[in-house]
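Novice: next one to model:
(chains A, B, C and D)
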Number of protein chains: 2
Amino acid sequence: MELHEPELREVPVTAVLAALADDVRLQIVRALAEGGEYACGTFEFGVSKATRSHHLKVLREAGLTRTRVAGTSRYVRLRRDELDRLYPGLLHAVLAAPDRVA
Amino acid sequence: MELHEPELREVPVTAVLAALADDVRLQIVRALAEGGEYACGTFEFGVSKATRSHHLKVLREAGLTRTRVAGTSRYVRLRRDELDRLYPGLLHAVLAAPDRVA
DNA sequence: GAGCTTGTTCGATGAAAGTCGAACATGGGT
DNA sequence: ACCCATGTTCGACTTTCATCGAACAAGCTC
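Specialist: Model (predicted):
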């Protein structure tokens, strides 16, 4: 299984922003920001596992997360250091943003 | 002419991010970040004026810009102070991000 | 007022994105 | 070996979005 995890420098800013511009993915990122690694199944945000898998792929290919394979599970974590280095302030600003339900 | 300019607090973060997650709009924001006010017609980024008008509307309704009407022209400016207050670091991070063409 | 300029709005169109169920792949566990 | 659990991939469907030309609105200038 090839896990495509791009260099952050090769990802257009707009792709990073687009990855964050979705409710489900933002919830995932918020959860990831809390701690270390989470199994994919951890994220139950009212979507099917197909959809969840899709969102995790988007995050991964936008350079936001890294995935470690262990058995049948995959463990996901935020690439926070790299993100902070390349986009200082961005992650903090997004995470600190108030939760708006609409 | 009613110009819909929402309170920044009422705009979901995802809407702000989505507004920034487009090449044309990001170019507009970068241009606006340079100086003060610009007439809409200033922005020639290879799109028709209908499309330009659309993007400016998206930015305005995401709370990113303010528009002043003067005759047949409209002058647009970034709501930088408000943005920095509500999302400290976000604008800087986005503007400082390297221009990636591919 | 006629004409020009500036900008918005109205369809229409084509592409991208979110969502799902079902099928598939893979690796335990018993 | 068989089953189960975890995820991914594959269509298919729907919604959203970027884009355009054309029509419209409003104001300036002569």
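
Novice: can you list the low-confidence ranges for chain A?
Specialist: A:1-2, A:98-102 (pLDDT under 70).

Novice: SS state for the residue in chain A positioned nearest to DNA strand D?
Specialist: Distances between chain A and DNA strand D by C-beta to the nearest atom of the strand are smallest at residue A:41, namely 2.6 Å. C-beta here means a position set from N, CA and C on the backbone, and glycine is covered the same way. Three-state assignment for residue A:41 (DSSP: H, G, I helix; E, B strand; the rest coil): helix.

Novice: please look at it and residue A:75 and confirm they touch.
Specialist: No: Residue A:41 lies out of contact with residue A:75 (C-beta atoms under 8 Å); the separation is 10.5 Å.

Novice: these two: which has the busier surroundings?
Specialist: Of the pair residue A:41 and residue A:75, residue A:75 is the one with more neighbours under other C-beta atoms under 10 Å in any protein chain shown, namely 15 against 10.

Novice: and that one, that one's in a helix?
Specialist: No: assigned with three-state DSSP, residue A:75 falls outside any helix and is strand.

Novice: let me see the contact set for it.
Specialist: A:37-39, A:67-69 (C-beta atoms under 8 Å, 6 or more residues apart in numbering or on different chains).
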